[in-house]
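S.K.: My questions are about this predicted structure, shown below with the sequence.
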Amino acid sequence: MSAQIPSLLPSISAILLLDSSDGSRIASKYYGDFMLSKKGTISKETEDMRDKFEKTLHKKTRTISAKSDVEVTLVSSMTSCFKSGNGLKIYLISEPSESELVVSHVLEGFYDALKGILGGSIEKAVILDNLELLMLLIDEFLDGGYILECDARRLMGRVLMRSPEELSGG
């Protein structure tokens, strides 16, 4: 048997938006076999595992504000980069072997694009009202966990179907 060659492309195992107060899920997308049941399917067992992981993540990060900078922590042997909005936290979960600098940079791009799409404010109520834009942004940002784009203006342009020049007023 040959050994599995690791991918040279940086990848993300999950993107999560959790409520800052109680850690409840606002939106999430998991990639690959991270947090799948032993059967490899999404089941009640999978949802329970994910809920437990999200609660552990919230418990570990609830006292860290992360409003201006991306913070990094290790949770359940996975690297978690996160940034706070008003009433929520955005997490990118990756393997510990991924570069924290790359994942932090990618999260900054996603955060800036989301902020631009939502009119400058990342709040739980605004996100829930514009959930379709959030999910479209995630799909433009990641494909199967692989990073497609991290430039905020390009991501905004793809989601809003405008050129980056139109977004900057040029």
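M.R.: On my side now, so go ahead. Numbering: from 1, shown residues only.
S.K.: Quick one: the helices in the protein, in order.
M.R.: 44-61, 100-117, 124-129, 131-141, 152-160, 164-167 (DSSP state H).
S.K.: Need these in CSV (columns: mean neighbour count, distance to S80 and mean pLDDT).
M.R.: Using the backbone N, CA and C atoms, a C-beta is placed for each residue, glycine as well. Below are those laid out as CSV (neighbours: other C-beta atoms under 10 Å; distance: least, C-beta to C-beta, whole Å; pLDDT from 0 to 100):
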stretch, mean neighbour count, distance to S80, mean pLDDT
helix 44-61, 16, 6, 92
helix 100-117, 19, 9, 95
helix 124-129, 16, 19, 93
helix 131-141, 17, 17, 95
helix 152-160, 20, 21, 93
helix 164-167, 13, 30, 70
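S.K.: who wins for proximity to L16 among the ones you listed?
M.R.: Nearest to L16 among the helices of the chain is helix 44-61; the distance by C-beta to C-beta comes to 6.4 Å.
S.K.: Select, out of the helices of the chain, the one closest to I12.
M.R.: Closest among the helices of the chain, using C-beta to C-beta: helix 100-117, at 7.2 Å.
S.K.: helices and strands around that closest one, which ones?
M.R.: Using 3 or more C-beta pairs under 8 Å, 6 or more residues apart in numbering; DSSP states H and E, the elements in contact with helix 100-117 are strand 71-75, strand 78-84, strand 88-94, helix 131-141, helix 152-160.
S.K.: Now with 10 Å, please.
M.R.: strand 14-19, strand 71-75, strand 78-84, strand 88-94, helix 124-129, helix 131-141, strand 146-147, helix 152-160 (3 or more C-beta pairs under 10 Å, 6 or more residues apart in numbering; DSSP states H and E).
S.K.: Average pLDDT for the fourth one, rounded please.
M.R.: Read it as strand 88-94. For strand 88-94, mean pLDDT is 96.
S.K.: circling back: please identify which of the helices of the chain is closest to A27.
M.R.: helix 131-141 (5.8 Å).
S.K.: which residues touch that closest one?
M.R.: 12, 15, 17, 26-29, 92, 106, 109-110, 113-114, 116-118, 126-128, 130, 147-150, 154-161 (C-beta atoms under 10 Å, 6 or more residues apart in numbering).
S.K.: try stretch 147-156
M.R.: Outside stretch 147-156, the residues that reach it (C-beta under 10 Å, 6+ apart) are 9-12, 92, 102-103, 105-117, 133, 136-143, 157-158, 162-168.
S.K.: do that again at 7 Å, thanks
M.R.: Identification of contacts with stretch 147-156 by C-beta atoms under 7 Å, 6 or more residues apart in numbering yields 10, 12, 105-106, 109, 112-113, 116-117, 137, 140-142, 164, 167-168.
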